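S.K.: coordinates for the following, if possible.
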Amino acid sequence: MKKLILSLVAALGIATGAQAADAGIKWDKAPVDVSNQVSLQNGAKLFVNYCLSCHSAAFMRFNRLTDIGLTEQEIKDNLLFTTEKVGETMVAAIDPKQAKAWFGANPPDLTVIARSRAGSGGSGADYLYTFLRTFYRDDTKATGWNNLAFPSVGMPHALWELQGQRRAVFDGEHFQGWEQITPGTLTEEQYDQAVGDLVNYLQWMGEPGQQARVRIGTGVLIFLGIFILIAWRLNAAFWKDVK
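M.R.: Residues are numbered from 1 along each chain as shown. Reported below is the predicted structural model:
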């Protein structure tokens, strides 16, 4: 129960953090590539394991994950923790009534979180990528955690077991670097890759049909280009004998 409560507080912080991110550090560029199915599949696994316990993705159905190369059987065997039907939407495991009673509001839906959290620092994906990689221990905060992208964030580090615990080193008000307190289950490079995969999936989930849209748009432009050339030549042939 304690872990669930901490995860819920973290979920609320992710969704609201971008409002204060412009006042923090410069956002890192997220390694988004929605054509990379391996990255998307790993991101989907991370999303289900670390986000779906508190967040819903009410506009995404589990069977839509076949678009990133998973079979329905693989989805059933590895990703169905909150429902028994592969055709159901991604609904959070937590009871909405309990969430509202504990925190006064339900955790926001994450279906389009990467598209909706853009700011002057970059895209929503850039914010999420930076935010999830800049947590550090801060005993002066109620949760014991703080964040460079969102100073004084009111949430713990949901992925701390993967990244480990670190302390931020400051020279006055200027950030100097990191001091690792305890190791995580992943190395720094592996953690950055994992967060990149998670953000990549969140970006894809916001518009699963974006690759098809690009392909169709490219085809339409090519067709229009060829049609204009043909029309131009027909026009020239029609008017060549007109005096």
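
S.K.: domain parsing for this structure?
M.R.: 2-208, 211-243 (automatic domain parsing).

S.K.: can you redo those as TSV with mean pLDDT and mean neighbour count?
M.R.: C-beta: built from backbone N, CA, C; applies to glycine. Below are the domains of the chain laid out as TSV (pLDDT from 0 to 100; neighbours: other C-beta atoms under 10 Å):
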stretch	mean pLDDT	mean neighbour count
domain 2-208	85	18
domain 211-243	84	10
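
S.K.: residues touching residue 75, list them.
M.R.: 62, 63, 65, 66, 86 (C-beta atoms under 8 Å, 6 or more residues apart in numbering).

S.K.: how about residue 178?
M.R.: 136, 166, 167, 168, 169.

S.K.: for the top strand by length along the chain, which strands pair with it and how are they oriented?
M.R.: In the chain, taking DSSP state E as the definition, the longest strand is strand 174-183. Here strand 174-183 is paired, per DSSP bridges, with strand 164-171 (antiparallel).

S.K.: which secondary structure elements does the next helix-or-strand element following the longest strand of the chain contact?
M.R.: Once strand 174-183 ends, the next helix or strand along the chain (criterion: DSSP states H and E) is helix 188-206. With contacts defined as 3 or more C-beta pairs under 8 Å, 6 or more residues apart in numbering; DSSP states H and E, helix 188-206 has these neighbours: helix 37-50, helix 113-116, helix 124-131, helix 160-163.

S.K.: between the longest helix seen in the chain and helix 188-206, how many degrees?
M.R.: What stands out as the longest helix in the chain, according to DSSP state H, is helix 210-239. Counting by axes from the mean of the first three to the mean of the last three C-alpha atoms, to 10 degrees, helix 210-239 lies at 60 degrees to helix 188-206.

S.K.: how far out from the middle of the chain is helix 210-239?
M.R.: How far helix 210-239 lies from its chain's middle: 36 Å, per C-alpha atoms, centre = their mean, to the nearest Å.

S.K.: what sits closest to residue 36 if chain neighbours are left out?
M.R.: Of all residues not flanking residue 36 in the chain, residue 200 sits nearest, at 6.9 Å (C-beta to C-beta, 6 or more residues apart in numbering).

S.K.: isn't the one you found right up against residue 35?
M.R.: No - in this structure residue 200 lies outside contact range of residue 35 using C-beta atoms under 8 Å: 10.0 Å.

S.K.: which residue sits closest to residue 112, ignoring its sequence neighbours?
M.R.: residue 206 (4.4 Å).

S.K.: residue 27 should be in a strand, yeah?
M.R.: No - the assignment for residue 27 (DSSP: H, G, I helix; E, B strand; the rest coil) gives coil, which keeps it out of a strand.

S.K.: that one contacts residue 122, correct?
M.R.: Yes - here residue 27 reaches residue 122: they are 4.4 Å apart, a contact under C-beta under 8 Å.

S.K.: where does residue 93 sit: helix, strand or coil?
M.R.: Under three-state DSSP, the three-state class of residue 93 is coil.

S.K.: isn't it right up against residue 51?
M.R.: No - between residue 93 and residue 51 there is no contact under C-beta under 8 Å: 10.5 Å.

S.K.: tell me who's in contact with residue 222.
M.R.: By C-beta under 8 Å, 6+ apart, residue 222 has no neighbours at all.

S.K.: how near is it to residue 232?
M.R.: 16 Å (C-beta to C-beta, to the nearest Å).

S.K.: ditto for residue 204
M.R.: Taking C-beta to C-beta, one finds residue 204 at 40 Å from residue 232.

S.K.: kindly report the same for residue 91.
M.R.: Counting by C-beta to C-beta - residue 91 and residue 232 are separated by 55 Å.

S.K.: ok, now residue 165?
M.R.: On the measure of C-beta to C-beta, residue 165 and residue 232 end up 67 Å apart.
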